[in-house]
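J.: Quick one, structure for this:
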Amino acid sequence: MESFRDGNNEPVKAKEELIFHCGFRRFRASPLFSQHTSADKHKLERFLRPDAALVVTVYAPITFPPASVLLFKQRSNGMHDLVATGSLLAVDPDRIVVKRLVLSGHPFKIFTKTAVVRYMFFNREDVMWFKPVELRTKWGRRGHIKEPLGTHGHMKCHFDGQLKSQDTVLLNLYKRVFPKWTYDPYVPEPVPWARDETVPLAQDVELE
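T.: Take a look at the predicted model:
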């Protein structure tokens, strides 16, 4: 489901319970937000961004596109706020949504194109497990793990250039995530909006 923010200033987090009006169906669920790209893997968004079109993924009964979709957030007082509008994108379960995690380490000893990195891992087995993954640094260097050193997570790494002592070594990890199975066809009726007609009393003003 392609969606975008529509005039709501409060943040909407991923896996937060929202109310869907999808075609002729109305239900509650906790969706995931992901980027709307042409790739086969899509990065998870932690919030519903107001400046870009996102895809909302949720478990729900099959409805065929292009059904219109309205997304509401329920306030604590029972009122419903419209947070997004869009249309149904697809009903297939093959969309891959991935969450990115970044591990960081710091150079301990620096040579011409190699460096000893610490604080990324803390045992030898983890270094061997993540050895095939590419490394990068905040200053744009690329490299890979050559071998572990000792038993406390130190590792010897090779880069395409000499590192700076203030640089940081990063390792990106990706994990597939799925939406929660929280489909609920029962949606409470919203509290009707009523204008407050009460006029506050004017304070007495002392005249000199």
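J.: shaky segments in this structure?
T.: Scanning the chain for pLDDT under 70 picks out 1-9, 193-208.
J.: quick one: the strands in it?
T.: 2-5, 18-22, 25-29, 32-35, 41-45, 54-57, 68-74, 80-87, 96-110, 114-118, 135-137, 142-149, 154-159, 169-177 (DSSP state E).
J.: now residue 100, which residues is it bridged with?
T.: Per DSSP bridges, the residues bridged to residue 100 are residue 174.
J.: Now stretch 72-84: buried residues?
T.: 72, 73, 74, 80, 81, 83, 84 (16 or more other Cβ atoms under 10 Å). From N, CA and C alone the C-beta is placed, and that goes for glycine too.
J.: ok now it, how far from the chain's centre?
T.: 21 Å (Cα atoms, centre = their mean, to the nearest Å).
J.: Just the endpoints, please. Distance across it?
T.: Distance between the two ends of stretch 72-84: 7 Å, counting by Cα to Cα, to the nearest Å.
J.: what's the answer for stretch 154-166, then?
T.: 18 Å.
J.: ok, back up a step: how about a markdown table for the buried residues of stretch 72-84, with distance to residue 98 added?
T.: Listed next are those as a markdown table, based on distance: Cβ to Cβ, whole Å:
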| residue | distance to residue 98 |
| --- | --- |
| 72 | 28 |
| 73 | 26 |
| 74 | 29 |
| 80 | 31 |
| 81 | 30 |
| 83 | 24 |
| 84 | 22 |
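J.: from those, which two are the most distant?
T.: Greatest spacing in the buried residues of stretch 72-84, by Cβ to Cβ: 74 and 84 (14.0 Å).
J.: before we move on, back to that, let's have the strands of the chain in CSV, adding distance to residue 188.
T.: Below are those laid out as CSV (distance: least, Cβ to Cβ, whole Å):
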stretch, distance to residue 188
strand 2-5, 22
strand 18-22, 9
strand 25-29, 9
strand 32-35, 24
strand 41-45, 28
strand 54-57, 21
strand 68-74, 8
strand 80-87, 9
strand 96-110, 29
strand 114-118, 54
strand 135-137, 49
strand 142-149, 53
strand 154-159, 55
strand 169-177, 28
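J.: Between those, which one is closest to residue 128.
T.: Nearest to residue 128 among these is strand 142-149; the distance by Cβ to Cβ comes to 6.2 Å.
J.: Please name the strands paired to the closest one in the sheet, noting orientation.
T.: strand 135-137 (antiparallel), strand 154-159 (antiparallel).
J.: Buried residues, it. List them.
T.: 143, 145, 148, 149.
J.: Next: stretch 41-57.
T.: Buried-residue list, stretch 41-57, by 16+ other Cβ under 10 Å: 42, 44, 45, 48, 50, 54, 55, 56, 57.
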